[in-house]
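Novice: here's my sequence, what's the structure:
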Amino acid sequence: MSFDAAKFDPGLAGAPGPLEELSFEQLLDALELVTNRLASGELGIEAATDLYEQAEILHAAAEQRLAAVEARIERLRGSE
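Specialist: Next up is the predicted model:
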């Protein structure tokens, strides 16, 4: 899944920094925060759409990070 990291807004997503500096765990924490805000039902349609976009970016970044770690583990297994 590709995503536009330039559209990521750490303030809106509740993230502690830019996307490329976040750990996998921080990505998941931010995704959980965004998901909870969306589930609250207290947002207008525009704000909910903005948050949904942030959730998609966070999800894609976490998925990409996880795939990279899995590939690294496979390489390490192959070198044993």
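
Novice: what helix or strand does Gly11 sit in?
Specialist: With secondary structure defined by DSSP states H and E, Gly11 is part of helix 10-13.

Novice: kindly report the same for Arg37.
Specialist: Here Arg37 is covered by helix 24-39, with elements defined by DSSP H and E.

Novice: helices or strands up against the helix or strand that that helix is followed by?
Specialist: Counting by DSSP H and E, the element after helix 24-39 in chain order, helix or strand, is helix 45-78. With contacts defined as 3 or more Cβ pairs under 8 Å, 6 or more residues apart in numbering; DSSP states H and E, the packing partners of helix 45-78 are helix 10-13, helix 24-39. Heads up, the C-betas are built off the backbone N, CA and C, glycines and all.

Novice: how near is Gly44 to Arg77?
Specialist: Applying Cβ to Cβ, to the nearest Å, the value for Gly44 to Arg77 is 49 Å.

Novice: for Arg37, grab the count of nearby residues.
Specialist: Here the number of neighbours of Arg37 (other Cβ atoms under 10 Å) works out to 19.

Novice: tell me the contacts of it?
Specialist: Arg37 sits next to Gly14, Leu43, Leu51 when contact means Cβ atoms under 8 Å, 6 or more residues apart in numbering.

Novice: quick check, nearest of these to Leu66?
Specialist: Distances from Leu66 to the contacts of Arg37, taken as Cβ to Cβ, are shortest for Gly14 (20.5 Å).

Novice: tell me the buried residues in stretch 28-35?
Specialist: Burial within stretch 28-35, assessed by neighbour count using 16 or more other Cβ atoms under 10 Å, is assigned to Leu28, Asp29, Ala30, Leu31, Leu33, Val34.

Novice: widest-spaced pair of those?
Specialist: Using Cβ to Cβ, the pair of the buried residues of stretch 28-35 lying farthest apart is Leu28 and Val34, separated by 10.8 Å.
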